[in-house]
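Visitor: got a structure for you, letters missing:
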């Protein structure tokens, strides 16, 4: 099902209204921002990459571990990657999976895949073999680029994969002599690279050093650029199918909304913005906002490979010039509370953008106290490329809202039957615009569940529209747990728990956590009374990424259920909260 539609009717009314009518947010747009996107002003992501690498050729494009590479160097590496894939027989539309943290090899391979007309499948490098197997096989990936730190996981999964090509990247790729030092530290000193055996695999550094002459490819707006995997509202891992048009439109929407606030100082034509890129590029928020949008404005991406190392992160900030930063609530909280954050120079910071999870007001207040800048919160999902709404960049204080819909984007607030609810009343946030996915990869049934007959995507989030046209999130409809901006789906965790021979039944919910927003919490009925929480957590770690492993496990004699036997997660939450009163 195609979710893309032109601006027409909106929630709260019908088509044809203006700033004084039923799209109240338009009256609060910055004067420089048009209400409708001019689609003649942008093409495909391949067009964007070629234009940026030519226009800003000598500018630094990305920096990692203190080493910068230019737009021209990034473009050359991208073409070499695309040319090599073509030489191996890869065809336009083939899926190429990328499994890396924020290192120089990541943008080079993303850009190369897009230039070649291939489809990028972003993979969390912390995935277990089970998780990796599901995603790569579901996507039908022919090739995989994986950083050597996690190649042992690929080795474990390989018997169940259908991959034809495995490419090994390193943290030091594209860094010259310094890269050898970075890799030595990773392998010999920090010992973060485990032994692996993948016969027939190819070193990415050899590919990127090869010929950069690729065969011409006609990349069209409707071609699939990314399969961005998400559990959506059902807990079934599925790929949001994002076309070049979807993501390029979202880049342009971001440029219209934020570009006027990014003008260089008077007389500084050489001025370059620098985006602190701590959120992983495999996450749609960082991919669009920190990478592709930065291409659009010729900015440099300051890549942070391990944002969990807050001390190292702050050390990098202390020695770096930057003008923009993006993050999630937990990251801003950790940075603002670090004892050396006062030594960081925030004088050039234009604004800090937040997304991925709700930003807590105390965190936003503390951030402004430390930096002098408010957090500008936005909202979106993998299915919306992701930006659907955002606060104005010129706010002076944190608003606690998700801001206004971006140009050419309609929001509707609807009840369970799909009817518009009056302004101010809660309902499901539904979104329509050129950035909305065309559907879930090979899952028409799942697509039908989230798309309305008039072209809106059902977000699964409950929100309200305020009188001025801003929107505010109230709650999530389903039981998804949000841990530091990452989705955790109870069904998946429950399945792993139930596979333990000592477990009879299990239910998983999310409970508030001051560090990660929410914590995965499990309630378990044991078959083996000697089973301990530590032993069960250790069991889970074999099949689940760390943030999905239950932080707390409570053993019970039974679980609350409906009369047909369905476990009532809501009742478990109510019990916990009642016990705290």
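Guide: Yes, it's here. In this text, all values refer to a predicted model and were calculated from it rather than measured experimentally.
Visitor: CA atoms for contacts and neighbours, from now on please.
Guide: OK.
Visitor: tell me the bridge partners for residue 202.
Guide: Taking DSSP bridges as the rule, residue 202 bridges to residue 167.
Visitor: how near is it to residue 117?
Guide: 21 Å (Cα to Cα, to the nearest Å).
Visitor: and these two? Which one has more around it.
Guide: More crowded of residue 202 and residue 117, by other Cα atoms under 10 Å: residue 117, with 26 against 15.
Visitor: assign a three-state SS to the closest residue to the more buried one other than its chain neighbours, would you?
Guide: Nearest residue to residue 117, sequence neighbours excluded (Cα to Cα, 6 or more residues apart in numbering): residue 92, at 4.8 Å. At residue 92 the chain is in coil, as set by DSSP: H, G, I helix; E, B strand; the rest coil.
Visitor: number of nearby residues for residue 92?
Guide: Close neighbours of residue 92, defined as other Cα under 10 Å, add up to 19.
Visitor: then residue 191?
Guide: Neighbours of residue 191 (other Cα under 10 Å): 12.
Visitor: that older thread, ok, the residue nearest to residue 117 - contacts?
Guide: With contact set as Cα atoms under 8 Å, 6 or more residues apart in numbering, residue 92 has these partners: 116-118, 217.
Visitor: now with 10 Å, please.
Guide: Shown in contact with residue 92 (Cα atoms under 10 Å, 6 or more residues apart in numbering): 86, 113-119, 217-219, 223-224.
Visitor: tell me the buried residues within those residues.
Guide: Among the contacts of residue 92, the ones that count as buried by 16 or more other Cα atoms under 10 Å are 86, 113-119, 219, 223-224.
Visitor: mind checking which of these are in strands?
Guide: When DSSP state E is applied, those are split such that 119, 224 fall in strands.
Visitor: going by distance to residue 190, which of the contacts of residue 92 wins?
Guide: Distance to residue 190, by Cα to Cα, is smallest for residue 113 among the contacts of residue 92, at 31.3 Å.
Visitor: and the pLDDT at the nearest residue to the closest one once chain neighbours are set aside?
Guide: Residue nearest to residue 113 in three dimensions, not counting chain neighbours: residue 82, with 5.9 Å by Cα to Cα, 6+ apart. Listed pLDDT for residue 82 reads 98.
Visitor: returning to that earlier point: list just the nearest of the contacts of residue 92 to residue 523.
Guide: residue 119 (39.9 Å).
Visitor: for residue 77, see how far away that closest one is.
Guide: The gap separating residue 119 from residue 77 is 18 Å, by Cα to Cα.
Visitor: repeat for residue 123
Guide: Distance from residue 123 to residue 77, by Cα to Cα: 21 Å.
Visitor: ok, residue 239 next?
Guide: In terms of Cα to Cα, residue 239 sits 27 Å off from residue 77.
Visitor: which strand or helix spans residue 413?
Guide: strand 410-414 (DSSP states H and E).
Visitor: now do that strand: distance to the chain's middle.
Guide: 23 Å (Cα atoms, centre = their mean, to the nearest Å).
Visitor: and what of stretch 122-142?
Guide: Centre-to-centre, stretch 122-142 and its host chain are 16 Å apart (Cα atoms, centre = their mean).
Visitor: kindly report the same for stretch 200-215.
Guide: On Cα atoms, centre = their mean, the centre of stretch 200-215 falls 27 Å from that of its chain.
Visitor: same check, this time on stretch 156-174
Guide: How far stretch 156-174 lies from its chain's middle: 22 Å, per Cα atoms, centre = their mean.
Visitor: for it, buried residues please.
Guide: Buried residues in stretch 156-174 (16+ other Cα under 10 Å): 156-158, 161, 163, 165-174.
Visitor: mean confidence score for that stretch?
Guide: 98.
Visitor: do the same with stretch 461-480
Guide: In the prediction, stretch 461-480 has an average pLDDT of 85.
Visitor: got the end-to-end distance for it?
Guide: Span of stretch 461-480 from end to end, Cα to Cα: 10 Å.
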